[in-house]
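Student: No sequence on hand, only this structure:
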Ligand code: FE
């Protein structure tokens, strides 16, 4: 019996697809470290047959590269670890709207761009941390109170050049205005235990080592220290640290996102959209939550057990695009306040 013509040509296409490996691809520029995202991308490729070509780098360098490459960029999707830079990419016309009902349903409105240029994929909180036994946590309940002179010489925080602090300050500008935020920043600088240096983890380590009593840091750093397989000292340091969820009777703790947007000149737009949708699937959200110690962006999904030990909290509910909108004002304000 002769093979029907349509069947043989369908087979031909299938075989061609197999012989060159993946028939489809998507190019990803990621400020998120490869180790934190690669297993997810591999899983995506295995289920969809779409190969992901990953370029990792610092967020600013990736933005610069997108700008320089213009319409010739190979990038289809951009991932960064803060809303401030996603907003910056949008304003620089490096992104385009991704219209997808699934994304709209999965990502709460406050964690995505109002024009769909970017979507949050995971949440990070930036609460106040303290050295257990050195401070009664009931006596410090808000970011504003960090300006109180009673904390003079007791606070560790990293430099103002770091976008996490810029976003925290931007959230304060939204909440209490620029003038009061500047007063706050000046007083905070007066309360620092040492000139800002190192990353978030270094602030936590310094508090654990008694160099300060209070540290400001993202929760996943504390979680990674607490669960460090290699380094017992990291685990011991983390045990000495408690978390204060600030402003629980007010605006809530400062929240930021890692997120992604489809690039303006994406050549594989459909595949970029598929990857975005995959990253908000239950499976990917679970992975983000368990391996990176971030909070799932999708409503109703539980954080990891490590994060659960620090309890539930109320997060600031401003639209995160405001962090980008007020980034410039925050940077200038911190500079005027002497926060180096
Ligand atoms: Fe980080």
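Tutor: Structure received. On a predicted model such as this, the values are computed, not experimentally measured, just so you know.
Student: buried residues in whichever helix or strand residue 84 is part of?
Tutor: Taking DSSP states H and E as the criterion, residue 84 maps to helix 83-91. Neighbour-count burial for helix 83-91 flags 83-90 (criterion: 16 or more other C-beta atoms under 10 Å). Backbone N, C-alpha and C define where each C-beta goes, glycine included.
Student: possible to save the residues you listed as CSV with distance to residue 208?
Tutor: CSV is the format used below for the buried residues of helix 83-91 (distance: C-beta to C-beta, whole Å):
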residue, distance to residue 208
83, 29
84, 28
85, 30
86, 32
87, 34
88, 34
89, 36
90, 38
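Student: Quick check: buried residues in the very next helix or strand once past the helix holding residue 84?
Tutor: Once helix 83-91 ends, the next helix or strand along the chain (criterion: DSSP H and E) is helix 101-106. Neighbour counts over helix 101-106 (16+ other C-beta under 10 Å) mark 103, 106 as buried.
Student: Which stretches in the protein count as strands?
Tutor: 24-30, 50-56, 77-80, 119-125, 128-131, 155-156, 214-216, 241-244, 255-262, 295-296 (DSSP state E).
Student: quick one, the fourth one and strand 255-262 angle?
Tutor: Inter-element angle recorded for strand 119-125 and strand 255-262: 160 degrees (by axes from the mean of the first three to the mean of the last three C-alpha atoms, to 10 degrees).
Student: quick revisit: can you list the residues that contact the helix holding residue 84?
Tutor: 31, 59-60, 63, 66, 78, 80, 95, 113, 115, 117-118, 120, 163, 166-167, 170, 256-257, 259-261, 320-321, 323-325, 327 (C-beta atoms under 8 Å, 6 or more residues apart in numbering).
Student: Need the nearest residue in space to residue 48, chain neighbours excluded.
Tutor: The shortest distance from residue 48 to any residue other than its chain neighbours is 6.2 Å, reached at residue 274 (C-beta to C-beta, 6 or more residues apart in numbering).
Student: Enumerate every residue touching that neighbour.
Tutor: 26, 48, 50.
Student: how deep is residue 246 tucked in, by neighbour count?
Tutor: 25 (other C-beta atoms under 10 Å).
Student: Name the residues linked to residue 129 by a beta bridge.
Tutor: Beta-bridge pairing for residue 129 (DSSP bridges): residue 215, residue 243.
Student: Now do stretch 169-184, average pLDDT.
Tutor: Per-region confidence: stretch 169-184 scores 98 on mean pLDDT.
Student: Please apply the same query to stretch 197-216.
Tutor: 98.
Student: again with stretch 276-288
Tutor: pLDDT averaged over stretch 276-288 gives 95.
Student: Would you mark the buried spots in it?
Tutor: Result for stretch 276-288 [16+ other C-beta under 10 Å]: buried residues 276-281, 284-285, 287-288.
Student: Those residues in helices, which ones?
Tutor: The members of those that map onto helices under DSSP state H are 276-279, 284-285, 287-288.
Student: Residue 156: which of the residues you listed is nearest?
Tutor: residue 288 (27.7 Å; C-beta to C-beta).
Student: How about that closest one: what's its closest non-neighbour residue?
Tutor: Nearest to residue 288 is residue 122, by C-beta to C-beta, 6+ apart, at 4.5 Å.
Student: Pick the one among the buried residues of helix 83-91 closest to residue 153.
Tutor: residue 84 (29.7 Å).
Student: quick one: pLDDT of the closest one?
Tutor: 91.
Student: Quick one: residues contacting the residue nearest to residue 288.
Tutor: By C-beta under 8 Å, 6+ apart, the neighbours of residue 122 are 257-258, 285, 288-289, 292, 294-297.
Student: Can you check the pLDDT for it?
Tutor: On the pLDDT scale, residue 122 is placed at 96.
Student: and the contacts of residue 122, which are buried?
Tutor: 257-258, 285, 288-289, 292, 294-297.
Student: can you tell me how far the spatially closest residue to residue 102 that is not a sequence neighbour sits from residue 35?
Tutor: Nearest residue to residue 102 in three dimensions, chain neighbours excluded: residue 277, at 5.1 Å (C-beta to C-beta, 6+ apart). Separation of residue 277 from residue 35 (C-beta to C-beta, to the nearest Å): 23 Å.
Student: next one: residue 324
Tutor: Residue 324 is 27 Å from residue 35, by C-beta to C-beta.
Student: Quick check on those two: which one has the bigger neighbour count.
Tutor: residue 324 (24 against 10).
Student: Name all residues that make contact with the more buried one.
Tutor: 83-88, 90-91, 170.
Student: Check those and tell me the two furthest apart.
Tutor: Across the contacts of residue 324 (C-beta to C-beta), the longest gap, 15.3 Å, separates 90 and 170.
Student: Could you break this protein into its assigned domains?
Tutor: 5-123+256-306, 125-253+315-336 (automatic domain parsing).
Student: least reliable of the ones you listed going by mean pLDDT?
Tutor: When I compare those, domain 5-123+256-306 is least confident, with a mean of 90.
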